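Student: need the 3D shape of this:
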Amino acid sequence: MSDITEQIPAFLRESIAREYGGEAEKIFAGFVRRPVTLRANALKSSAEEVGEELFCAGISFERMPWYRDAFLLHGVREHDLWERALYTEGKIYLQSLSSMLPPLFLAPEAGENILDMTAAPGGKTTQLLALSGGKALITACEKDGARFERMKFNLLRQGAARVNAVKTDAFKLDDFLRFDKILLDAPCSGSGTYVAGESKGFSPQLAENCARVQKKLLQKGLKLLKKGGILLYSTCSVLKEENEEAVGFALSLGAKLLPLSPFEGLPLLKGMEGTLTVCPNEQFEGFFLAKLQK
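Tutor: Predicted coordinates:
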C-alpha cells in the first residue's frame, strides 16, 4: 500500500477499490493538492487582459487549451491574489478546473431561461451568464442564509447583478415553472476533491444521504424542465451511487441521456457510457457529468 493510499479514509478507499478495480490506484494517486486555477470573468474582463496583468505581476501561468478563460498558476496560493485588483474588482474568479466543466457542457445561450438549482457560492452561475454573453435569464437558488449572502456578494462583484438570486430550497420552487436548461451541481460527498491526509470524514451514511437528496433534486429538476430541455447533472464525487446510479434513476423517470464528448487531455475513468467521470490528478479534481434531456 502506497503512502498516499494509507492516508485515505477506509470507507473511501474500500469503496473506490471495489467500484474501480485496477483504476483505483490511479484515483488514489490523484488525491493531491493542486495549483491555483482561475477563470477570467468575461463579464468584466478578457483572458488577454488577465494574462497581461498576471505577467506584469510576475505570476507564472499557463492557459488551458480547452477553455480560453481558464488559467493555471504556478508558485502562488489563493491568498496571494486576494489583495490584487484582478480579484477585488471581479475580473477573475478562483475556481477549480473541474468545476468549470458543467457550465461549458450545458452551453448556455442568449435568451435562454436557465435554473442553477444549488448555486452558492455562485461561481458556476456567473460562468453561465458569461458564456451566454451576459444575455441568459438565470435563476440561482440557495437555501442557506449565510451561503446566499455570499452568493449575492459574488454575483455583484462579478458583474452578474441581473441574475435572479432566490433564497429558497429548490424543492420549494413552483412546479408550474419551466426552464430551457438546468444546472444541477448536486450536493455530494466531495470524494473527488479529497486530498490525502485531510481529516474529512467519509461514511456509508454520508454517501447514502447524498444519494437520496441527489435523486430528489433530479426528480424536481426534471419537473421544472421544458419538454426537450436540457439538465446537466454533476457532482465532485467519484462514487457510483452518487453518479451512475443517480443517472439511472433519472432515466427511469423518462429522461434521455445525451452523450458527452470529452475534450483532448481530460483525464477520464471508465464509467457509464455517455457520461464523463473525471479522474483526480495534479490538475483536475474528481468529477462526474451527465447531460439529460426531458
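
Student: tell me the pLDDT of residue 57.
Tutor: Reading off the confidence values, residue 57 has pLDDT 96.

Student: starting at the chain centroid, how far to stretch 130-143?
Tutor: Taking CA atoms, centre = their mean, to the nearest Å, one finds stretch 130-143 lying 15 Å from the centre of the chain it belongs to.

Student: what's the answer for stretch 58-74, then?
Tutor: Distance, centroid of stretch 58-74 to centroid of chain: 18 Å (CA atoms, centre = their mean).

Student: ok, now stretch 145-153?
Tutor: 18 Å.

Student: who touches it?
Tutor: If you take CB atoms under 8 Å, 6 or more residues apart in numbering as the criterion, stretch 145-153 is touched by 119, 120, 121, 122, 125, 140, 142, 165, 167. Quick note: C-beta positions are derived from backbone N, CA and C, even for glycine.

Student: mean confidence score for stretch 41-52?
Tutor: 98.

Student: which among the contacts of stretch 145-153 end up buried?
Tutor: With burial judged by 16 or more other CB atoms under 10 Å, the buried subset of the contacts of stretch 145-153 is 119, 120, 121, 122, 125, 140, 142, 165.

Student: hang on, the earlier thing: out of the contacts of stretch 145-153, list just those in strands.
Tutor: Secondary structure from DSSP state E places 140, 165 of these in strands.

Student: name the surrounding residues that touch the helix-or-strand element of the chain with minimal mean pLDDT.
Tutor: Each helix and strand of the chain was given a mean pLDDT (mean pLDDT, DSSP states H and E); the minimum falls on helix 3-6 at a mean of 75. Outside helix 3-6, the residues that touch it by CB under 8 Å, 6+ apart are 13, 25, 28, 29, 31, 32, 196.

Student: can you do 7 Å?
Tutor: Residues outside helix 3-6 that contact it (CB atoms under 7 Å, 6 or more residues apart in numbering) are 13, 28, 29, 31, 196.

Student: a strand runs through the second one, doesn't it?
Tutor: Okay, so that is residue 28. No: counting by DSSP: H, G, I helix; E, B strand; the rest coil, residue 28 is located in no strand; its state is helix.

Student: look up how far residue 13 lies from it.
Tutor: Separation of residue 28 from residue 13 (CB to CB, to the nearest Å): 7 Å.

Student: who has more neighbours, these two?
Tutor: residue 28 (24 against 19; other CB atoms under 10 Å).

Student: quick one: that one and residue 8 touch, right?
Tutor: Yes: between residue 28 and residue 8 there is a contact at 6.2 Å, judged by CB atoms under 7 Å.

Student: longest helix in this structure, please.
Tutor: helix 204-224 (DSSP state H).

Student: give me the below-cutoff pLDDT ranges for this structure.
Tutor: 1-3 (pLDDT under 70).

Student: name the helix or strand for residue 288, please.
Tutor: strand 287-293 (DSSP states H and E).

Student: list the buried residues for that strand?
Tutor: Those would be 287, 288, 289, 290, 291, 292, for strand 287-293 by 16+ other CB under 10 Å.

Student: same for it, what does it pack against?
Tutor: helix 101-106, strand 225-235, strand 256-258, strand 276-278 (3 or more CB pairs under 7 Å, 6 or more residues apart in numbering; DSSP states H and E).

Student: and it, how far out from the chain's middle?
Tutor: So, by CA atoms, centre = their mean, the centroid of strand 287-293 is 11 Å from its chain's centroid.

Student: tell me the strands beside it, with direction?
Tutor: strand 225-235 (antiparallel), strand 256-258 (antiparallel), strand 276-278 (antiparallel) (DSSP bridges).

Student: pull out the buried residues from the second one.
Tutor: The neighbour-count check on strand 256-258 (16+ other CB under 10 Å) flags residue 257 as buried.

Student: skip ahead from it and say which helix or strand is next.
Tutor: strand 268-269.

Student: give me the contacts around that following strand.
Tutor: Outside strand 268-269, the residues touching it (CB under 7 Å, 6+ apart) are 20, 23, 262, 276, 277, 278, 279.

Student: how distant is that strand from the center of its chain?
Tutor: Put simply, strand 268-269 sits 16 Å off its chain's centre (CA atoms, centre = their mean).
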